[in-house]
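Trainee: here's a sequence, model it:
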Amino acid sequence: MLPTFGGVLSARASMLLQNVPPALLVRFLREHRSEWADYAVDFYSAASLKSSPYAIPFAKPGGFPTSQVILPLAHTVEHEEVLEVVRLEGHAFSPEDIALSRDMYLLQLCSGIDEANTGECAQLIFAPIDESFGDDAPMLPSGFRIISLDPKSNGPGPTQTLDLASTLDVGRPAGGLDSANQNVRSVLSIAFQFTFESHYQESVAAMARQYVRSIVASVQRVALAISPSPLGGRIVPKPSPHSPEALTLARWICRSYRVYTGRELFEADTQASDAVLKQLWHHSDAIVCCSVKTNASAAFTFANQAGLDMMETTLVALQDIMLEKILDESGRKILLSEFSKIMQQGFAYLPGGVCNSSMGRTVSYEQAVVWKVLNDDDSNHCLAFMFMNWSFV
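Mentor: From the prediction side, this is the model:
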């Protein structure tokens, strides 16, 4: 039992991964904890198991300087599972950080991360521990689990793996990766647990939601970096910020907006592609792009940061969201009535209204503008939407 505590709160999230080897992602999360974890939240989780829990922190990934040391304890014969202790070394750079600068320890179990193999499941599970814990002290595990949606019938079982990646080099596929493995899909489940006192339940819940959202964003960046480019297949990878594809798309979006509306999307400080993409990415209005299809629902292909925030999604999961699921009935009817005008004239202004995020929350916007995005050959590449002055209702 957890003395004096109101209970245990679990914050969970899941995301679809495309062309991301599970072993490679989990190994990165294990070896580069500072890329996604917040030391203050780790400290709270450890302290909350004692009699005097530390004050509830505000999640701020990377906001506190730490380093980690992995101390192996045991492993299976074929290194399919590894049990280890992780020492998190805190460093105080200011007087207010001194209370957090002590070392912390996690008991960690990881499996399916052998760099020479890949299986249908890989996981990283950890729980804070302390030298004062007794043998019957409660454990509060959190972590990640990735399960492949495309198991190979002629391949090894869940406890065996294939050669997919041999290094953590960003954006570099392993030599053994061929086109047959390119459109592999998997589901990443994220779960973090926090104890709480009854009168702090709402505060802990808010912190947990914010923390898990920050982790999802961090994992999304890592997944985009380590995902190899497909050699074929029907699914086109979505451009990540700073990629050559994103630089080109940003140029097409801004040029097409200027051609059709006669206005600049924003005043660019320079015409350099990276500067245009940076301003597009940080534009305050939600800008999203979707495919133009006649026989299928339009799927989103790109969104700036405001667009991702409005739809409450990530670049990785964006491809699974259909336009018809975001717009309400009124918005769909208006878009349908204006579609021929958009295709002939190149753009159209839509009245204010409401739409839905991927999480089902209602979003209001004052006005929207839709325009065709043309590529360098002046062919239709996609449709761009800009939702102005949006907010959650």
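Trainee: for the chain, name the helix or strand with the lowest mean pLDDT.
Mentor: Lowest on mean pLDDT, DSSP states H and E among the helices and strands of the chain sits strand 66-75, with a mean of 69.
Trainee: surely residue 191 and residue 8 touch.
Mentor: No: using C-beta atoms under 8 Å, residue 191 is not in contact with residue 8; the gap is 11.5 Å. C-beta here means a position set from N, CA and C on the backbone, and glycine is covered the same way.
Trainee: ok, and the closest non-adjacent residue to residue 390?
Mentor: Distances taken as C-beta to C-beta, 6 or more residues apart in numbering put residue 365 closest to residue 390, at 4.2 Å, once the chain neighbours are dropped.
Trainee: number of nearby residues for that neighbour?
Mentor: 22 (other C-beta atoms under 10 Å).
Trainee: doesn't it fall inside a helix?
Mentor: No: secondary structure of residue 365 (DSSP: H, G, I helix; E, B strand; the rest coil): strand, not part of a helix.
Trainee: against residue 218, how distant is it?
Mentor: The gap separating residue 365 from residue 218 is 28 Å, by C-beta to C-beta, to the nearest Å.
Trainee: got the contact list for the most centrally placed residue in the chain?
Mentor: Ranked by distance to the mean C-alpha position of the chain (C-alpha atoms, centre = their mean), the top residue is residue 220 at 3.0 Å. Residues near residue 220 by C-beta atoms under 8 Å, 6 or more residues apart in numbering: 15, 314, 315, 316, 317.
Trainee: and for the first one, the neighbour number?
Mentor: It refers to residue 15. 19.
Trainee: for it, list each beta-bridge partner.
Mentor: residue 188 (DSSP bridges).
Trainee: does it touch residue 319 like I think?
Mentor: No: under the criterion of C-beta under 8 Å, residue 15 is not in contact with residue 319, lying 11.5 Å apart.
Trainee: return the list of strands paired to the following helix or strand past the least confident helix or strand of the chain, each annotated with direction.
Mentor: Next in sequence after strand 66-75, counting helices and strands by DSSP states H and E, comes strand 81-90. According to DSSP bridges, strand 81-90 has the following sheet partners: strand 66-75 (antiparallel), strand 104-111 (antiparallel).
Trainee: of all those strands, which one is nearest residue 246?
Mentor: strand 66-75 (31.0 Å; C-beta to C-beta).
Trainee: mind checking how far the closest one is from the chain centre?
Mentor: Offset of strand 66-75 from its chain centre (C-alpha atoms, centre = their mean, to the nearest Å): 26 Å.
Trainee: who touches it?
Mentor: 30-31, 33-34, 39, 81-91, 108.
Trainee: and the average pLDDT for the helix or strand containing residue 201 is what?
Mentor: Using DSSP H and E, residue 201 falls within helix 201-226. The average pLDDT for helix 201-226 rounds to 85.
Trainee: contact partners for the closest residue in space to residue 303 that isn't next to it in sequence?
Mentor: Spatially, and ignoring its direct neighbours in sequence, residue 303 is nearest to residue 288 (4.3 Å; C-beta to C-beta, 6+ apart). Shown in contact with residue 288 (C-beta under 8 Å, 6+ apart): 300, 302, 303, 304, 307, 311, 384, 385, 387.
Trainee: who does the helix or strand containing the last one touch, helix- and strand-wise?
Mentor: Here residue 387 sits within strand 380-388, counting by DSSP H and E. With contacts defined as 3 or more C-beta pairs under 8 Å, 6 or more residues apart in numbering; DSSP states H and E, the secondary structure elements packing on strand 380-388 are helix 244-261, strand 286-290, strand 362-374.
Trainee: which of those has the lowest mean pLDDT?
Mentor: helix 244-261 (a mean of 90).
Trainee: how about the helix or strand containing residue 334: buried residues?
Mentor: Per DSSP H and E, residue 334 falls inside helix 329-345. Residues 331, 334, 335, 338, 342 are the ones in helix 329-345 that count as buried (16 or more other C-beta atoms under 10 Å).
Trainee: same check, this time on stretch 26-37
Mentor: So, applying 16+ other C-beta under 10 Å, buried residues of stretch 26-37: 26, 27, 28, 29, 30, 33, 36, 37.
Trainee: start to end distance for that stretch?
Mentor: One end of stretch 26-37 sits 14 Å from the other (C-alpha to C-alpha, to the nearest Å).
Trainee: quick one, which of the contacts of strand 66-75 are buried?
Mentor: Looks like the contacts of strand 66-75 have 30, 33, 39, 82, 84, 86, 88, 90, 108 buried, using 16+ other C-beta under 10 Å.
Trainee: in JSON lines: those, plus pLDDT.
Mentor: Formatted as JSON lines, these follow (pLDDT from 0 to 100):
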{"residue": "30", "pLDDT": "88"}
{"residue": "33", "pLDDT": "85"}
{"residue": "39", "pLDDT": "72"}
{"residue": "82", "pLDDT": "86"}
{"residue": "84", "pLDDT": "88"}
{"residue": "86", "pLDDT": "85"}
{"residue": "88", "pLDDT": "79"}
{"residue": "90", "pLDDT": "59"}
{"residue": "108", "pLDDT": "92"}
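Trainee: and the furthest pair within those residues?
Mentor: 82 and 90 (24.4 Å).
Trainee: quick one: the residue nearest to residue 303 from residue 43, how far?
Mentor: 38 Å.
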